[in-house]
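Asker: Predicted model and sequence follow; I will ask about them next.
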Amino acid sequence: MESILQKSVTLSELVDLASFQEVCQSFVELYRIAIKVFDASGAKLVDAKVPDELCGYVFTFAPGRQQCTALVNQIKSFAPESPEVTEFNCFTGQRYKIVPVYYDHDCLGKLVYGPYIPAEQNDLPASVTGLDVGIDAAKLRASTEQIRRVAEPTIQRILDNLKKVVDVILFTSYKGLLTSNMHIESITESYNELQEKNRQLKESYERLKELDKLKSNFLATVSHELRTPLTSVIGYSEMLLEGLAGDLNNEQREYISTIMEKGDNLLQLITGILDISKIESGTLKFSISETRLDEIIESSLSSVRPQAVKGGITLAKAVSADLPPIQADRDKIRQVIVNLLGNAVKFTPKGGRITVSAETIADGDAGMGGAQFNPFEALAPRWVKICVSDTGIGIPKDNLDKVFETFYQVDNSSTREFGGTGLGLSIVKNFVESHGGHVSVDSEVGVGSTFTLVLPVDGKKPEEVPVLVDDTRRASAAGVGGERNASVTGYGKR
């Protein structure tokens, strides 16, 4: 593409026409000689006139009209080939000077100075007095009195001054135009570079999307293929433990128990990968029905109770008696609570405490919990709030906004103490938000963490979820949770 600095510039683009016309008009008023300016294409830019009764009178005769028209066309079509001034003589005895407008060796146009009558001319030429039998010589002479008579040396000085003024105007205008064009060129170059980088970035983004899709498909396929034989391993392990293949000694039972436990952990991991793949691909299905949270919470606690007992951790629950059933996918909500409880067990040391609480809240509660509903406001939106609190190791404040990211772990080193893939909390967030709910976390290192879920009772949209600023000290006063001050949610992913 041609640079803007390489493009030719016209006279009309170069000068400020209003100012240029004022300058020309001032010369006309000073010397009483007309000035016309044309650009290189022949377009008229300036037409500063003076009264000319001679031309007007001559033009009323057909021969005069023909000769005037021919002269005007000749002057208009004249293309200067050098900076030299060219002279045109009119049959009326008047004279014109054509001054080429040059800048930087380029002809930008021409300046027509005239008409005027040379001072050495004493009488009208025969070419005008004999123009027509009906022409009035006395009237011709009277019409020439208002035309400026000037000696050639004077005309030369006037033109020299006019050329200097025009040169200054062109120099100043070109300097400003060059500065502007350089600025535009710089911006254009930067824009082109940005466009190219944007194109490359878009291509990279499309490739990454394709790779991400391939990754998701690969994970989904591999996970699905692994789950079938793994289910068989777990099933046969259970049958062996139940003695269906004969009696086992204690050592054999211990080995098979380890196989079943590790197989179950691997199955959970594979299930998590499958869920994430379905979430990313948008193929995850939800089966919404009336669901009782108290039953789900009890079932979830039963699932993690063996690990909690093994780790010397106390499990507690505080579920409001008037907790209503909600419209939700029972299995998905159970998985959410199990994931949070599993995290809590994993990161809570021996002798710690994990509490699950659930209550209803209203929009007007402003996050204080336990509000009494007005029976006359039955149409007011209601929400259930579920908190999973622990007295575990806690999460640093600068990691709280990252724990729900896929595959993120607070300690991602190869020597980390706690295992996991970093999928648990990402699944929690996606499942809760798909129900039109909200999940958040609050934590203090060495004190513990609280994950808070807010779910609509009757299936509200995500934008209708109230933003809570909870304080677990209220729950503590009611015998729920520990004595730490926590709200909202949690920590490293399982």
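Answerer: Received, thanks.
Asker: Off-centre distance for the helix or strand encompassing Asp275?
Answerer: Per DSSP states H and E, Asp275 falls inside helix 250-281. Put simply, helix 250-281 sits 43 Å off its chain's centre (C-alpha atoms, centre = their mean, to the nearest Å).
Asker: any low-confidence regions in the stretch 101-250 of the chain?
Answerer: Low-confidence segments of the stretch 101-250 of the chain, defined by pLDDT under 70, are absent.
Asker: can you rerun that using 90?
Answerer: Residues of the stretch 101-250 of the chain that meet the criterion pLDDT under 90 lie in 102-108, 120-148, 167-190, 209-250.
Asker: Do a quick rundown of the helices in it.
Answerer: 126-129, 137-143, 152-241, 250-281 (DSSP state H, counting those that start in this stretch).
Asker: could you give the angle of the longest one to helix 250-281?
Answerer: Calculated by axes from the mean of the first three to the mean of the last three C-alpha atoms, to 10 degrees, helix 152-241 forms an angle of 150 degrees with helix 250-281.
Asker: Would you map the helices across the stretch 301-450 of the chain?
Answerer: 330-347, 424-434.
Asker: that older thread, as JSON lines, the helices of the stretch 101-250 of the chain with distance to Lys49 and mean neighbour count would be great.
Answerer: (Glycine included, C-beta is placed from N, CA and C.) Formatted as JSON lines, those follow (distance: least, C-beta to C-beta, whole Å; neighbours: other C-beta atoms under 10 Å):
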{"stretch": "helix 126-129", "distance to Lys49": "21", "mean neighbour count": "16"}
{"stretch": "helix 137-143", "distance to Lys49": "15", "mean neighbour count": "14"}
{"stretch": "helix 152-241", "distance to Lys49": "16", "mean neighbour count": "13"}
{"stretch": "helix 250-281", "distance to Lys49": "78", "mean neighbour count": "16"}
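Asker: now those as a markdown table including distance to Cys90?
Answerer: Formatted as a markdown table, the helices of the stretch 101-250 of the chain follow (distance: least, C-beta to C-beta, whole Å):
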| stretch | distance to Cys90 |
| --- | --- |
| helix 126-129 | 9 |
| helix 137-143 | 13 |
| helix 152-241 | 15 |
| helix 250-281 | 87 |
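Asker: closest one to Glu359 among these?
Answerer: helix 250-281 (27.9 Å; C-beta to C-beta).
Asker: Counting by contacts, list what the closest one packs against.
Answerer: helix 152-241, helix 424-434 (3 or more C-beta pairs under 8 Å, 6 or more residues apart in numbering; DSSP states H and E).
Asker: quick one, the last one and helix 330-347 angle?
Answerer: Read that as helix 424-434. Helix 424-434 and helix 330-347 are oriented at 150 degrees to each other (the same axes, to 10 degrees).
Asker: Can you give the domain ranges for the chain?
Answerer: With domains defined by automatic domain parsing, the chain comprises 11-150, 286-477.
Asker: Need the ones you listed in TSV (columns: distance to Tyr191).
Answerer: Formatted as TSV, the domains of the chain follow (distance: least, C-beta to C-beta, whole Å):
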stretch	distance to Tyr191
domain 11-150	22
domain 286-477	35
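Asker: By mean pLDDT, show me the worst of these.
Answerer: Ranked by mean pLDDT, the domains of the chain end with domain 286-477 at the bottom, a mean of 77.
Asker: so which of the helices of the stretch 301-450 of the chain comes closest to Glu189?
Answerer: helix 424-434 (43.4 Å).
Asker: List the buried residues of that closest one.
Answerer: 424-432 (16 or more other C-beta atoms under 10 Å).
Asker: same for that helix, what does it pack against?
Answerer: Packed next to helix 424-434, using 3+ C-beta pairs under 8 Å, 6+ apart, are helix 250-281, helix 330-347, strand 438-444, strand 448-456.
Asker: Summarise which helices and strands the helix or strand just after the longest one is packed against.
Answerer: The reference is to helix 250-281. Per DSSP H and E, the first helix or strand lying C-terminal to helix 250-281 is strand 289-291. Strand 289-291 is packed against strand 326-328, helix 330-347, with contacts defined by 3+ C-beta pairs under 8 Å, 6+ apart.
Asker: residue furthest from the geometric center of this structure?
Answerer: Distance from the C-alpha centroid of the chain peaks at Val133, with 81.2 Å (C-alpha atoms, centre = their mean).
Asker: Excluding covalently adjacent residues, which one is nearest to Asp106?
Answerer: Distance criterion C-beta to C-beta, 6 or more residues apart in numbering; nearest residue to Asp106, sequence neighbours excluded, is Ser8 at 7.2 Å.
Asker: what about that neighbour, which SS state?
Answerer: At Ser8 the chain is in coil, as set by DSSP: H, G, I helix; E, B strand; the rest coil.
Asker: can I assume it is in contact with Asp104?
Answerer: No - in this structure, Ser8 is not within contact of Asp104 by C-beta atoms under 8 Å, at 10.6 Å.
Asker: any shared contact partners between those two?
Answerer: Counting by C-beta atoms under 8 Å, 6 or more residues apart in numbering, Ser8 and Asp104 have no contacts in common.
Asker: what packs against the top strand by length along the chain?
Answerer: Ranked by residue count under DSSP state E, the longest strand found in the chain is strand 106-118. Secondary-structure packing of strand 106-118 (3+ C-beta pairs under 8 Å, 6+ apart): helix 11-14, strand 35-39, strand 95-103, strand 149-150, helix 152-241.
Asker: Output those in TSV, with distance to Leu340 appended to each entry.
Answerer: Output for the helices and strands packed on strand 106-118, formatted as TSV (distance: least, C-beta to C-beta, whole Å):
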stretch	distance to Leu340
helix 11-14	70
strand 35-39	79
strand 95-103	79
strand 149-150	102
helix 152-241	22
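Asker: out of the ones you listed, which comes closest to Thr360?
Answerer: Closest approach to Thr360 among those (C-beta to C-beta): helix 152-241, 37.5 Å.
Asker: Nearest residue to the middle of the protein?
Answerer: Asn198 (11.7 Å).
Asker: So for the longest strand of the chain, what gets flagged as buried?
Answerer: 107-117.
Asker: try stretch 80-93
Answerer: By neighbour count on 16+ other C-beta under 10 Å, the buried set for stretch 80-93 is 80, 85, 88, 90-93.
Asker: before we move on, the earlier item: most packed of the domains of the chain?
Answerer: Most buried of the domains of the chain by mean neighbour count (mean count of other C-beta atoms under 10 Å) is domain 286-477; its value is a mean of 18.
Asker: from the chain's centre, how far out does that domain sit?
Answerer: Going by C-alpha atoms, centre = their mean, where domain 286-477 is centred and where its chain is centred differ by 35 Å.
Asker: before we move on, back to that, to Leu211, which of the domains of the chain lies closest?
Answerer: Comparing the domains of the chain by C-beta to C-beta, domain 286-477 comes nearest, at 15.2 Å.
Asker: Mind listing residues that contact stretch 252-268?
Answerer: So stretch 252-268 is contacted by 226-227, 230-231, 233-234, 237-238, 240-241, 248 (C-beta under 8 Å, 6+ apart).
Asker: swap the cut-off to 10 Å and go again
Answerer: Stretch 252-268 has contacts (C-beta atoms under 10 Å, 6 or more residues apart in numbering) with 226-227, 230-241, 243, 246-248, 306-307, 335, 338-339, 342, 419-421, 423-424, 494.
Asker: related to what we said a few turns ago, quick one: which of the helices and strands packed on strand 106-118 is nearest Lys76?
Answerer: That would be strand 35-39 among those, by C-beta to C-beta, at 7.0 Å.
Asker: partners of the next helix or strand after that closest one in the sheet?
Answerer: Following strand 35-39 in sequence order, the next helix or strand is strand 44-48 (DSSP H and E). Strand 44-48 pairs in its sheet with strand 35-39 (antiparallel), by DSSP bridges.
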